[in-house]
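J.: Sharing a model that was predicted from the sequence below.
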There are 4 protein chains.
Amino acid sequence: MRKLTLVTAQTIISAAFEKAESLQLKPLTVAVLDAGGHTIALARQDGASIMRPQIATGKAVGALAVGVGSRWLNANAETRPHFVQALNGVSGGAIVPVPGGVLAKTEDGEILGAVGITGDTSDNDEAAAVAGIEAVGLVADCG
Amino acid sequence: MRKLTLVTAQTIISAAFEKAESLQLKPLTVAVLDAGGHTIALARQDGASIMRPQIATGKAVGALAVGVGSRWLNANAETRPHFVQALNGVSGGAIVPVPGGVLAKTEDGEILGAVGITGDTSDNDEAAAVAGIEAVGLVADCG
Amino acid sequence: MRKLTLVTAQTIISAAFEKAESLQLKPLTVAVLDAGGHTIALARQDGASIMRPQIATGKAVGALAVGVGSRWLNANAETRPHFVQALNGVSGGAIVPVPGGVLAKTEDGEILGAVGITGDTSDNDEAAAVAGIEAVGLVADCG
Amino acid sequence: MRKLTLVTAQTIISAAFEKAESLQLKPLTVAVLDAGGHTIALARQDGASIMRPQIATGKAVGALAVGVGSRWLNANAETRPHFVQALNGVSGGAIVPVPGGVLAKTEDGEILGAVGITGDTSDNDEAAAVAGIEAVGLVADCG
């Protein structure tokens, strides 16, 4: 299994910020987690509000929890709200089930980690995460 | 009272995995709990995502919590969401109210424990749990 | 990176139980966690008390938290009790800082996961964990 | 009030890692928090164990909690353990009262944030934090 290194995680963050700048997004917070859900690197841009680190991390944790990008959780929150509420419970309140938590996979489908971004719309947050993941040659799974 | 032994719990897990293989299900996680809601054995197949142990356990806990398979909780989550949310609260976030938490009963209705499975669709998870319970000569209560 | 498979985890558990039988230990509970601290397999022997799964898991989590076997945490609990209390806090009460949480490493020092055992004395719990880890050709780090 | 920007936080982290390299320290995790105790940036070096982000953050939170570097909390943990335990309680388990949580101040004493580092000995962790803070022209308060 390949591992996400700190250098790779920092490159993901830089690429996500570049994408955000090109889209003129609001200040973002980016969290990059390893396959076990543990933070490798996190960055909160100037002007981002105070709980953004937890939200960014929660999106990435949600994706890793179920093995699919957090857009899947967002859809389930509408069709099966009791499942997503329960997932919130068993995770100790650690998940944020909206788009923007994107799995970083190898070409053969192995999950190396996840990127969670928050600050702009969920769709834009997700676009920045995808840009970051693809910048290091990995495959983005949005859910 | 008869008790679920570790050997029985491990046989349930093996039988559930055999059923899953015959149905070509995704990687499953199986938890077998005793009548008091305490884990006897748990197994997470290769490739299952990281929060599957909590989800599998939460389905089994949910079934034991109300004395009926977790399919009953799933139905109640639609008709009486406030009850299921409250159950989530009083349990400290320990229940997962979707199908796949199945009680293991004796022929005369005594609850010996519960099996919780997650990884594929809830219906398939439940089918694997039933196969495991019936493999050891017990009665499955899906709710 | 190699990963601990379910088959390997189950072999570790069987070998730990064999060791326990040879030493005539009390009923044990064994948890095998991956490198990210997520349970792969758990088994509680008949007669073990109800919170043993949490204790076994907590020993393994403690070892992974700081990257050294939980005997190190036990020593620190005497010399720096405030550090171990704080580790308990930041982990959300997830660690059990006594011997019996043993890292499973490759020969070149990579951590593949951890084994936590409880039920007999901490020293005996640890001996069973070491036997399990060595039975699959890995290196045990007791701390 | 001056604020710690993301660029400044990232410079602090880079300088701390340079210091660590010159001292040949073990893999470190560095958290940089603003004056409100909210993470601006975090980086975990390859090989650092999984709970290091919480420990690094907890040291910085502890320093900000009482307005003095976490070395002061470490000393208090010996002379007034009940106070440090209580601080752990009221903070919801968020503090780690050992050296390595260092305040970043202006020359006239205003607290702009804190740096928490973990991975090597507490003394070395603290030395790396001081190097990071001084690299951006701020004053380090170790406690």
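T.: Arrived safely, thanks for sending.
J.: can you give me the strands in chain A?
T.: With DSSP state E, the ranges of strands along chain A come out as A:29-34, A:39-44, A:101-105, A:111-118, A:139-141.
J.: So which of these is nearest chain C?
T.: strand A:29-34 (6.9 Å; CB to the nearest CB). To be clear about C-beta, it is placed using only N, CA and C from the backbone, and glycine gets the same treatment.
J.: gap between residue A:68 and residue C:124?
T.: With distances defined as CB to CB, to the nearest Å, the gap from residue A:68 to residue C:124 amounts to 42 Å.
J.: who in chain A is up against chain B?
T.: Residues of chain A found near chain B (CB under 8 Å from any CB of the partner chain) are A:35-37, A:64-68, A:80-83, A:85-93, A:111.
J.: run the last query once more with 7 Å
T.: Residues of chain A found near chain B, taking CB under 7 Å from any CB of the partner chain as the criterion, are A:36-37, A:64-67, A:80, A:82-83, A:85-86, A:89-92.
J.: Kindly indicate the member of those with the most neighbours.
T.: Neighbours here mean other CB atoms under 10 Å in any protein chain shown. Within the residues of chain A next to chain B, the largest count is held by residue A:86, at 29 neighbours.
J.: ok so, going back, quick check, nearest of the residues of chain A next to chain B to residue D:17?
T.: Distance to residue D:17 across the residues of chain A next to chain B (CB to CB) is lowest for residue A:36, with 22.6 Å.
J.: mind listing what the spatially closest residue to the closest one that is not a sequence neighbour touches?
T.: Among residues not flanking residue A:36 along the chain, residue C:36 sits closest, at 1.6 Å (CB to CB, 6 or more residues apart in numbering or on different chains). With contact taken as CB atoms under 7 Å, 6 or more residues apart in numbering or on different chains, residue C:36 is in contact with A:34, A:35, A:36, A:37, A:38, B:50, D:50.
J.: For these, work out which two are farthest apart.
T.: The two members of those with the most space between them (CB to CB) are B:50 and D:50, at 11.9 Å.
J.: if I look at the residue of chain A found nearest chain C, how far off is residue C:70?
T.: Nearest residue of chain A to chain C (CB to the nearest CB) works out as residue A:36 at 1.6 Å. The spacing between residue A:36 and residue C:70, counted by CB to CB, is 18 Å.
J.: in chain A, which spans are helices?
T.: With DSSP state H as the definition, chain A shows helices at residue ranges A:6-22, A:52-66, A:70-79, A:81-90, A:122-135.
J.: So which of the ones you listed is the most surrounded?
T.: helix A:52-66 (a mean of 27; mean count of other CB atoms under 10 Å in any protein chain shown).
J.: for that one, packing partners?
T.: Helices and strands touching helix A:52-66, by 3 or more CB pairs under 7 Å, 6 or more residues apart in numbering or on different chains; DSSP states H and E, are strand A:29-34, strand A:39-44, helix A:70-79, strand A:101-105, strand A:111-118.
J.: Against which helices or strands is the fourth one packed?
T.: In other words, strand A:101-105. Based on contacts counted as 3+ CB pairs under 7 Å, 6+ apart, the elements that strand A:101-105 packs against are helix A:52-66, strand A:111-118, helix A:122-135, strand A:139-141.
J.: From the chain's centroid, how far away is the longest one?
T.: Its chain's C-alpha centre lies 6 Å from the corresponding centre of helix A:52-66 when counted by CA atoms, centre = their mean, to the nearest Å.
J.: Over to stretch A:15-23?
T.: 15 Å.
J.: So for residue A:53, what's the nearest residue that isn't a sequence neighbour?
T.: residue D:39 (4.4 Å).
J.: Wait, the one you found touches residue D:31, no?
T.: Yes: taking contact to mean CB atoms under 7 Å, the distance of 6.0 Å between residue D:39 and residue D:31 places them in contact.
J.: Need the residues touching each of these two.
T.: Counting by CB under 7 Å, 6+ apart, the common neighbours of residue D:39 and residue D:31 are residue D:57.
J.: which parts of chain A sit against chain D?
T.: By the criterion of CB under 7 Å from any CB, the positions of chain A lying close to chain D are A:5-6, A:36, A:38-46, A:50, A:53.
J.: Are any of these buried, and if so which?
T.: With neighbours counted using 16 or more other CB atoms under 10 Å in any protein chain shown, the residues of chain A next to chain D contain these buried positions: A:5, A:6, A:36, A:38, A:39, A:40, A:41, A:42, A:43, A:44, A:45, A:53.
J.: who touches the residue positioned nearest the centre of chain A in this structure?
T.: For chain A, the residue whose C-alpha lies nearest the mean C-alpha position (CA atoms, centre = their mean) is residue A:116; its distance is 2.0 Å. With contacts taken as CB under 7 Å, 6+ apart, residue A:116 has the following neighbours: A:31, A:56, A:57, A:58, A:59, A:60, A:100, A:101.
J.: how near is the nearest residue to the fourth one once chain neighbours are set aside to residue A:77?
T.: When you say that, I think you mean residue A:58. The shortest distance from residue A:58 to any residue other than its chain neighbours is 3.2 Å, reached at residue A:96 (CB to CB, 6+ apart). Summarising the geometry, the distance separating residue A:96 from residue A:77, computed by CB to CB, is 11 Å.
J.: quick one: stretch A:63-74 to chain centroid distance?
T.: A distance of 9 Å separates the C-alpha centroid of stretch A:63-74 from that of its chain, computed with CA atoms, centre = their mean.
J.: Look at residue A:68 and say how many residues are nearby.
T.: Neighbours around residue A:68, by other CB under 10 Å: 19.
J.: distance of it from residue A:81?
T.: 18 Å.
J.: where does chain A have low pLDDT?
T.: For chain A, residues meeting the criterion pLDDT under 70 lie at A:1.
J.: Can you name the residues of chain A that neighbour chain C?
T.: Within reach of chain C by CB under 7 Å from any CB, chain A has these residues: A:1, A:3, A:34, A:35, A:36, A:37, A:38, A:92.
J.: Skipping adjacent residues, who's closest to the third one in space?
T.: Going back to what we said before, that points to residue A:34. Using CB to CB, 6+ apart and skipping residues adjacent in sequence, the residue nearest residue A:34 is residue A:113, 4.8 Å away.
J.: ok, now residue A:141?
T.: Among residues not flanking residue A:141 along the chain, residue A:103 sits closest, at 3.9 Å (CB to CB, 6+ apart).
J.: for that neighbour, what are its contacts?
T.: Taking CB under 7 Å, 6+ apart as the criterion, residue A:103 is in contact with A:63, A:69, A:111, A:114, A:141.
J.: Please check which residues sit opposite it as beta-bridge partners.
T.: Using DSSP bridges, the beta-bridge partners of residue A:103 come out as residue A:114, residue A:141.
J.: how near is it to chain D?
T.: 19 Å (CB to the nearest CB, to the nearest Å).
J.: ok, residues contacting stretch A:41-48?
T.: Contacts with stretch A:41-48, where a contact means CB under 7 Å, 6+ apart, come from A:6, A:9-10, A:13, A:27-32, A:52-53, A:119, D:5-6, D:39-43.
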